[in-house]
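**Q** After the sequence you'll find the predicted model.
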Amino acid sequence: MIECYKRTLLVTFIVALIIGVTAIIYLEFSNVENPDIILQYTERITFVNKGNRAVDFGALHLDAFLNLEWQRPLLIEVSRNYTESSDRDGNPILIIPGPESLEPNKTFDVTVVWRVESFRRSIPYVTVEDSGDIEDIPEGYIRNYTKLISPWRSPSDMRLNTSIWVSTPYYNMTLRQVALQLKGEERNVLQIVINDLKWIAKYINYKSASPTYPIETARNGAGDCDDQSNLLIALLRMQGIPAFLMMGQIYVNKPNYASIEGMAMEGHLSYEVHYTVGHAWVMVYIPPWGWVPCDPVYALKMEPERAFTDAIVRSSITLIFKNVTGVGMGEEADYIGAFRRETERAKRENIYIQIIQEMKPVPKPICMALIDFLPFIICSEILCGIATVLVILMSDRERMKLLKPFGVEAIRCPYCGAINPADAIYCGQCGRRIRNQ
């Protein structure tokens with residue numbers, strides 16, 4: 001019996017040691033920020049001069065991924081010399097020096113590789129009942145994030161007088177008149193945003209195309225993610241609600257996104273994407289939560305709240321590379337105008353651009369991967385240890401039963417617990433007297 005106890009204690013000690021070591025490892029690494037996913041993003045850009053004369057070229061300015069609570073970017077590779085900088089809105093950029101001029105039939109290309117640790121996002125879910133009023137918005141945010149500058153400013157003489165608006169209550173209105181009518185006397189910030197989302201969901205269809213200004217999107221009755229987002233921002237800013245545009249890249253692990261090709265800039269830009277797609281959405285200030293992502297392309301006529309609940313930025317597969325706020329850049333935030341100017345220049349100078357983008361997940365380092373499974377491992381070790389001890393105890397009990405002579409009662413030693421024959425006077429284990437003669 002003593003041997004049984006020894007074995008049980010030894011097994012218990014070994015199990016406790018294993019559990020203790022595992023727990024120490026878990027406590028040591030639990031404070032390490034553990035990303036939900038690590039994504040590698042590769043972008044290759046090639047410029048070709050197909051004209052018959054040299055054109056001015058200079059340096060390239062490429063967007064870099066933002067370093068946020070949601071993500072931690074690491075620049076892995078740049079195929080050319082570069083310097084890191086930022087624009088006046090605080091967005092990081094890479095400056096790639098190029099030749100002063102690009103000769104006919106010559107090319108210039110650059111490849112950039114990023115590795116981004118993306119974390120779970122603690123983004124609040126909002127309700128109208130808990131939303132604050134316009135008066136609850138800090139004055140500084142109203143001053144900086146409701147400026148009607150490009151790309152959100154609309155000419156006062158442009159109206160919703162196209163054919164799609166003829167039979168609607170908004171025919172011949174300016175965008176400002178629409179914004180004021182949607183707001184009415186409402187003071188609840190979230191309710192105003194929902195009113196705007198219902199209007200966009202009802203009258204604006206999704207259509208992928210070159211970027212358009214808000215008034216153009218409204219007059220056309222169509223636009224893609226950034227077009228609809230900019231339209232919502234324009235309405236919100238005219239209603240006195242702070243808002244800005246956020247841009248990013250999404251990892252899409254679906255067969256139909258394995259390779260997608262397309263054209264833009266009237267044929268002067270060709271793109272090829274692998275398991276990734278660009279996206280844009282609105283960041284709107286809603287008290288008491290603060291800045292909340294709102295994705296108008298997910299809003300439905302009867303469920304506008306889905307613009308908040310289904311916003312793709314809630315998922316760690318979304319990486320952010322730019323905030324278009326206009327706070328520091330002012331009119332330079334007008335990326336739509338810049339895109340159109342570059343298109344005209346490419347047509348005029350016969351410049352062709354090719355962009356290839358690819359995104360894929362990469363394995364986590366072993367220390368990060370273990371953190372995901374350590375709680376399960378510890379629980380499994382505890383259960384296995386308990387089961388092992390129980391098996392030892394049960395097997396020894398069964399063995400003692402088999403050792404006991406059939407039909408002969410046994411007597412237990414009161415000192416060591418050993419089992420002895422019923423007629424024994426001295427214990428066969430410890431030698432002490434266990435009964436009087």
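**A** Yes, it's here.
**Q** can you pull the contacts of Asp63?
**A** With contact set as Cβ atoms under 8 Å, 6 or more residues apart in numbering, Asp63 has these partners: 91-93, 247, 321-322. All C-beta atoms are positioned from the backbone trio N, CA, C, and that covers glycine.
**Q** Show the model's pLDDT score for Met302.
**A** Per-residue pLDDT puts Met302 at 79.
**Q** and Leu74, what are its phi and psi?
**A** Backbone torsions of Leu74, given as degrees, to the nearest 10, read phi -140, psi 120.
**Q** isn't it right up against Arg115?
**A** Yes - between Leu74 and Arg115 a contact is recorded at 4.8 Å, counting by Cβ atoms under 8 Å.
**Q** Comparing the two, which shows the higher neighbour count?
**A** It is Arg115, of Leu74 and Arg115, that has more neighbours when counted by other Cβ atoms under 10 Å, with 17 against 13.
**Q** Please name the strands paired to the one helix or strand that one maps to in the sheet, noting orientation.
**A** Counting by DSSP states H and E, the element that carries Arg115 is strand 107-118. Applying DSSP bridges to the sheet, strand 107-118 is found paired with strand 37-49 (antiparallel), strand 71-78 (antiparallel).
**Q** Domains in this protein, by residue range?
**A** As recorded under automatic domain parsing, the domains making up the chain are 2-31+367-403, 118-351, 407-437.
**Q** Who are the contact partners of the spatially closest residue to Thr276 that is not a sequence neighbour?
**A** Closest residue to Thr276 apart from its sequence neighbours, by Cβ to Cβ, 6 or more residues apart in numbering: Met359 at 3.7 Å. By Cβ under 8 Å, 6+ apart, the residues touching Met359 are 39-42, 249, 251, 274-276.
**Q** With Val112 instead?
**A** Val112 touches 42-44, 62, 75, 77-79, 94, counting by Cβ under 8 Å, 6+ apart.
**Q** quick revisit: buried residues in the strand holding Arg115?
**A** Applying a neighbour-count criterion of 16 or more other Cβ atoms under 10 Å, one finds 108, 110, 112-118 buried in strand 107-118.
**Q** And that strand, how far out from the chain middle?
**A** Distance of strand 107-118 from the chain centroid (Cα atoms, centre = their mean, to the nearest Å) equals 19 Å.
**Q** Could you look up the next helix or strand downstream of that strand?
**A** Next along from strand 107-118, by DSSP H and E: helix 139-145.
**Q** Contacts for the following helix or strand past that following helix, please.
**A** Counting by DSSP H and E, the next helix or strand C-terminal to helix 139-145 is helix 175-183. Applying Cβ under 8 Å, 6+ apart, the external contacts of helix 175-183 come out as 154, 156, 158, 160, 170, 173, 192, 195-196, 199, 214-215, 218, 234-235, 238-239.
**Q** which residues of the stretch 201-350 of the chain fall in strands?
**A** 205-206, 222-223, 243-251, 260-264, 269-274, 276-286, 290-294, 318-324 (DSSP state E, counting those that start in this stretch).
**Q** From the contact counts, what lies against the longest one?
**A** Judged by 3 or more Cβ pairs under 8 Å, 6 or more residues apart in numbering; DSSP states H and E, strand 276-286 is in contact with helix 189-203, helix 225-238, strand 243-251, strand 290-294, strand 351-361.
**Q** how about 6 Å then?
**A** The contact analysis (3 or more Cβ pairs under 6 Å, 6 or more residues apart in numbering; DSSP states H and E) places strand 276-286 against helix 189-203, helix 225-238, strand 243-251, strand 290-294.
**Q** the inter-axis angle of it versus strand 318-324?
**A** 60 degrees (axes from the mean of the first three to the mean of the last three Cα atoms, to 10 degrees).
**Q** How far does strand 276-286 sit from its chain's centre?
**A** 11 Å.
**Q** Also the last one?
**A** Between the mean C-alpha location of strand 318-324 and the chain-wide mean there is a distance of 10 Å, by Cα atoms, centre = their mean.
**Q** Now for Leu245: which residues touch it?
**A** 229, 280, 324 (Cβ atoms under 6 Å, 6 or more residues apart in numbering).
**Q** Using just helix, strand and coil, how would you label Asp423?
**A** Taken by DSSP: H, G, I helix; E, B strand; the rest coil, the conformation at Asp423 corresponds to coil.
**Q** Near it, how many other residues are there?
**A** Neighbours around Asp423, by other Cβ under 10 Å: 9.
**Q** What confidence value was assigned to it?
**A** 77.
**Q** what's the weakest-modelled helix or strand in the protein?
**A** Sorting the helices and strands of the chain by mean pLDDT, DSSP states H and E puts helix 366-403 at the bottom, at a mean of 59.
**Q** Name only those of the contacts of Val112 that count as buried.
**A** 42-44, 62, 75, 78, 94.
**Q** Adding pLDDT and distance to Lys301, write those out as CSV.
**A** Converted to CSV, the buried ones among the contacts of Val112 look like this (pLDDT from 0 to 100; distance: Cβ to Cβ, whole Å):
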residue, pLDDT, distance to Lys301
Thr42, 98, 39
Glu43, 98, 37
Arg44, 98, 41
Leu62, 96, 39
Leu75, 98, 43
Val78, 97, 46
Leu94, 97, 42
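**Q** Let me see the contact set for the closest residue to Asp227 other than its chain neighbours.
**A** Setting aside the residues directly before and after it, Asp227 is nearest to Thr217 in space (Cβ to Cβ, 6+ apart), at 4.4 Å. By Cβ under 6 Å, 6+ apart, Thr217 lies in contact with 223, 227, 231.
**Q** Let me have those residues in JSON lines, adding pLDDT as columns.
**A** JSON lines is the format used below for the contacts of Thr217 (pLDDT from 0 to 100):
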{"residue": "Gly223", "pLDDT": "96"}
{"residue": "Asp227", "pLDDT": "97"}
{"residue": "Leu231", "pLDDT": "97"}
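**Q** So for Glu100, which of the domains of the chain sits nearest?
**A** domain 118-351 (14.6 Å; Cβ to Cβ).
**Q** now that closest one: how far from the chain's centre is it?
**A** 19 Å.
**Q** ok, the residue nearest the centre of the chain to Val116 distance?
**A** Nearest to the centroid of the C-alpha atoms of the chain, with distances taken as Cα atoms, centre = their mean, sits Ser316, at 2.6 Å. Noted for Ser316: a distance of 10 Å to Val116, by Cβ to Cβ, to the nearest Å.
**Q** that older thread, beta partners of the residue nearest to Thr276?
**A** Beta-bridge partners of Met359, as defined by DSSP bridges: Tyr41.
**Q** How about Glu84?
**A** Those that pair with Glu84 in a beta bridge, by DSSP bridges, are Leu94.
**Q** now do Gly290
**A** Ile286.
**Q** so what's Pro138 up against?
**A** Applying Cβ under 6 Å, 6+ apart, no residues contact Pro138.
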